[in-house]
Structures are given as C-alpha cells and as structure tokens.
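A.B. asks: Fold the following and give me the result.
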Amino acid sequence: MHRPGSSSQQVKTVYFGQQSMDIPSRYAAGKIVGRGAYGIVCSAVDTTNGERVAIKKIGKVFEDLVDGKRILRELTLLAFINHPNLLYLKDVFRPTDPDSFADIYLVTQFMETDIGALLKCRVNLVEEHCRYYMYQLACGLRYLHAAGILHRDLKPANLLTNGDCELKICDFGLARARGALMTDYVVTRWYRPPELLLVCDGYHTAIDMWAVGCLAYEILTRKPLFPGKDYIHQITLIVDTVGSPKMSDLKLVKSNEAKAFIRTMPPREPISMDILMPRATTNMKHFVSRLLTFDPDQRMTAEEAIAHPWLASMIESDEGSGTGISPRGSGQPLGFGAGVDVNRPRSPPPHPVMPPGLFKFEHEGDLDEPTLRRLFWNEINRFHENSAHAR
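C.D. replies: Predicted coordinates:
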C-alpha cells in the first residue's frame with residue numbers, strides 16, 4: 001500500500017474560528033469534520049493526487065504524559081497497520097524543531113461518518129448491511145489479532161463508514177500488544193465482556209469478539225444490547241440476557257468479591273435469540289450467540305467468525321466479476337448512499353508480522369517529557385523513511 005509522506009515544504013496556517021492548523025501547502029484544507037478532547041479534524045484534498053483525506057490535529061501532546069503515551073501508541077500502530085478495514089496513516093507532519101514541537105498532525109483516509117452516527121439517523125439498515133459490516137470488522141480484527149494486538153475499545157463511534165458501506169476500524173489509543181501491561185480502562189462499559197467486569201487477571205483477543213456480538217445486535221436492532229448505567233447494572237443486564245454463568249465459566253475470575261456477587265444473583269436462563277432478534281436469520285442468531293459467551297475461551301475468534309456460515313458466503317473464492325452485494329431479493333446495490341455499489345469482498349490479506357520492539361515503550365512504565373518527545377520524533381522519522389523507501 002503506497003503511503004506518500006510529506007516532504008519539507010511551505011506550511012500555511014489555516015483558521016477555523018478560534019482554532020488553527022499549520023498545514024503543508026500540499027494539502028488544500030476543507031472544513032472541520034470532528035472535534036473532541038484530543039483536538040480537531042478537518043477534511044482536505046491532497047493536491048498531488050486529488051485524494052480526499054482527514055487531517056487530525058492533536059494539540060499540546062506533552063501537557064499530560066499519560067495522554068501523550070496513548071497518542072504515541074496510536075501513531076505507532078497507525079503507521080504499522082496495512083489493511084483495508086483499518087484506518088491507517090497516510091502522512092504525519094514532520095515538526096520543524098524536535099525540541100519544541102507541541103502538536104501532532106496525522107493524515108488518514110477521509111470517511112464520511114461512523115456507525116454510531118448512522119444508527120441515529122433514518123437510514124434503512126437491513127441484515128445484509130449488518131452482515132457486510134460484520135464481515136469487514138472480523139477481517140480487520142483478524143489482522144490485528146494475528147499481529148498480537150487487541151483493540152480494546154470497539155464501539156459504534158470507532159467504526160467509520162462511507163455511503164458504499166466500506167468499514168474501517170479507528171481509534172487505536174487504547175490498543176495494546178498482547179502481554180503488555182494492561183490498564184484499568186478498557187472498552188466502553190456497554191461493550192465490555194464479563195471477564196473485564198469481573199476483574200479477571202488476564203484477558204486476550206476474546207474481549208474484542210464480545211464487542212462484535214454486541215455491535216451485530218445493535219446495528220440490526222438500532223439499540224444497544226447491554227446499556228448498563230454502572231458496573232452492577234452492566235453485570236445484571238448480561239446475566240439476565242445470556243443466563244447465569246456456570247462455575248467453570250468463572251475460572252478466570254480471581255476476585256472473591258466478584259465470585260460472591262455472582263453467587264448472590266438469582267438463577268437466570270438465557271433469553272432465546274428468537275426473542276432477542278426476531279427479525280434475524282437463523283445464521284445471524286447463531287453467530288451472535290457464539291460471541292456472547294461468559295467463557296472467553298468459548299467465544300469465536302475473528303478467524304472463526306469469518307468462517308461462520310453467516311459470513312463465509314461473503315468471501316469470493318475466485319477473481320469473479322465483483323458483482324455488487326444486494327439485500328436478499330431486493331435487486332438493489334447494498335449501500336446507504338444513492339446509486340452506490342459495493343464490491344464483493346475478497347479473502348483477507350496475509351497475516352501481518354509485527355516488527356520487533358514496535359511497542360517497546362509499553363514496558364518502560366511512566367515516561368518523562370524528554371523521553372516521550374524523543375520517541376515521537378523517532379516514530380515520525382521512521383514513518384518518513386519507510387515512505388521514502390516505498391516510493
């Protein structure tokens with residue numbers, strides 16, 4: 001995948017009300033398309049090729065060193081990943097002075113919206129849309145998990161999409177290499193699996209797969225499956241829906257308090273998928289049930305999800321004609337944008353190989369500002385060196 005990094009060139013300051021961005025002349029800035037605690041995102045056009053991109057400014061990255069380390073993690077991962085269903089880094093602006101820069105600028109593909117916003121509008125989504133989204137999500141996770149990376153914060157807002165139903169996973173600020181030191185905050189509560197809520201000692205890629213089950217349900221029904229108001233309510237909703245766990249399901253729970261709490265709950269039988277998702281096909285119901293299991297070892301992996309009957313037919317085994325996918329019997333292209341077609345996805349790309357020491361900084365504990373600044377500078381330079389070799 002070609003990633004043209006920007007070379008040294010004239011920089012112009014573009015103002016958006018009281019906020020500004022310093023953008024190389026290569027990019028023609030558009031309008032602000034996102035704001036958050038991290039900073040701002042604007043749309044732009046890369047004048048070298050006419051491609052529409054998104055430029056994300058993350059301001060004052062060294063004011064909070066914990067946040068700074070999270071941003072470094074996202075930069076490192078965005079520069080490494082290379083998969084059509086993961087948002088990847090097209091460019092990162094090189095600061096003029098390594099000793100005084102305060103802001104980071106990341107350039108990625110431009111995506112029109114996210115699944116969270118899509119679910120709030122009146123777009124008609126049917127199971128075939130959901131199936132196509134889940135296939136792409138599973139393919140992206142298959143790539144991440146094969147590299148030993150957990151996303152840890154899958155939710156509708158972190159799934160970007162376009163009018164042709166293309167999906168890209170974003171926001172890797174909480175992602176971790178498997179085996180790295182884990183923090184307490186992982187996964188927005190509604191998509192958090194039981195093993196996290198019950199304070200298990202260790203966890204693995206299965207935490208992402210629980211979220212896939214929650215997301216499949218939510219896209220089809222347009223409502224969250226487990227909208228817990230707090231920790232207790234979240235556990236209660238899960239038990240009321242998937243049934244009481246067996247003692248063998250709690251083998252990873254090390255907290256005696258958590259085990260005692262589960263024992264005090266009245267016994268519950270699982271709610272039938274026919275009741276939970278009456279509109280869904282049998283294959284979709286089985287797919288979701290294989291993800292919403294108390295025991296993480298019983299959950300489907302991303303590889304198994306792709307091979308599940310509900311998704312397996314999405315893979316085009318030969319080069320074919322790239323016929324558009326249509327909702328069964330509709331005869332119309334699958335897409336929520338007018339007149340948009342979706343090409344049938346092909347088999348996922350090969351497994352990635354993570355470069356040695358990519359997340360070495362994760363094992364170094366707290367980082368001071370000079371160290372964090374050096375790591376940012378090194379990562380930015382490495383990106384541009386790799387981009388130059390790609391050209």
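A.B. asks: quick one: contacts for residue 11?
C.D. replies: Neighbouring residues of residue 11 by C-beta atoms under 8 Å, 6 or more residues apart in numbering: 22, 23, 24, 25. Every residue, glycine included, has its C-beta placed from N, CA and C.
A.B. asks: does it have beta-bridge partners, and which?
C.D. replies: According to DSSP bridges, the partner residues bridging residue 11 are residue 24.
A.B. asks: isn't residue 83 right up against residue 139?
C.D. replies: Yes - counting by C-beta atoms under 8 Å, residue 83 touches residue 139, with 7.4 Å between them.
A.B. asks: okay, these two: which has more neighbours?
C.D. replies: A side-by-side neighbour count of residue 83 and residue 139, using other C-beta atoms under 10 Å, places residue 139 first with 26 against 21.
A.B. asks: how about the nearest residue to residue 93 once chain neighbours are set aside, what does it touch?
C.D. replies: Of all residues not flanking residue 93 in the chain, residue 105 sits nearest, at 3.9 Å (C-beta to C-beta, 6 or more residues apart in numbering). For residue 105, the contact set (C-beta under 8 Å, 6+ apart) comprises 21, 22, 23, 55, 56, 57, 58, 92, 93.
A.B. asks: Outline the domain layout of the protein.
C.D. replies: Using automatic domain parsing, the domain parsing of the chain gives 23-110, 113-312.
A.B. asks: So what would you say the end-to-end distance of the first one is?
C.D. replies: Criterion C-alpha to C-alpha, to the nearest Å; first-to-last residue distance in domain 23-110 is 16 Å.
A.B. asks: Now it: average pLDDT?
C.D. replies: Throughout domain 23-110, pLDDT has a mean value of 93.
A.B. asks: ok, the closest residue to residue 249 other than its chain neighbours - contacts?
C.D. replies: Take residue 249 and drop its neighbours on the chain: the residue closest to it by C-beta to C-beta, 6+ apart is residue 294, 3.9 Å away. With C-beta under 8 Å, 6+ apart as the criterion, the residues that contact residue 294 are 194, 242, 245, 246, 249, 250.
A.B. asks: what's the helix or strand for residue 294?
C.D. replies: Using DSSP states H and E, residue 294 sits in no helix or strand.
A.B. asks: What pLDDT is listed against it?
C.D. replies: 91.
A.B. asks: could the contacts of residue 105 go into TSV alongside distance to residue 167?
C.D. replies: Converted to TSV, the contacts of residue 105 look like this (distance: C-beta to C-beta, whole Å):
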residue	distance to residue 167
21	27
22	31
23	28
55	21
56	19
57	25
58	24
92	23
93	27
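A.B. asks: Buried by neighbour count, from those residues: which ones?
C.D. replies: Buried by 16 or more other C-beta atoms under 10 Å: 21, 23, 55, 56, 57, 58, 92, 93, out of the contacts of residue 105.
A.B. asks: Name the nearest of these relative to residue 277.
C.D. replies: residue 56 (35.9 Å; C-beta to C-beta).
A.B. asks: who's in contact with the longest helix along the chain?
C.D. replies: Taking DSSP state H as the criterion, the chain has its longest helix at helix 369-390. If you take C-beta under 8 Å, 6+ apart as the criterion, helix 369-390 is touched by 2-5, 61-62, 65, 68-69, 72, 75-76, 79, 89, 91-92, 94-95, 98-99, 101, 104, 361, 364, 367.
A.B. asks: Would you check how far apart residue 94 and residue 168 are?
C.D. replies: Separation of residue 94 from residue 168 (C-beta to C-beta, to the nearest Å): 25 Å.
A.B. asks: which one of those two has more residues nearby?
C.D. replies: residue 168 (22 against 18).
A.B. asks: looking at this, that one is in a helix?
C.D. replies: No - counting by DSSP: H, G, I helix; E, B strand; the rest coil, residue 168 is not part of a helix but strand.
A.B. asks: just checking, it touches residue 111?
C.D. replies: Yes - if you go by C-beta under 8 Å, residue 168 and residue 111 touch, sitting 6.1 Å apart.
A.B. asks: which residues are common contacts for these two?
C.D. replies: By C-beta under 8 Å, 6+ apart, the residues touching both residue 168 and residue 111 are 87, 160, 161.
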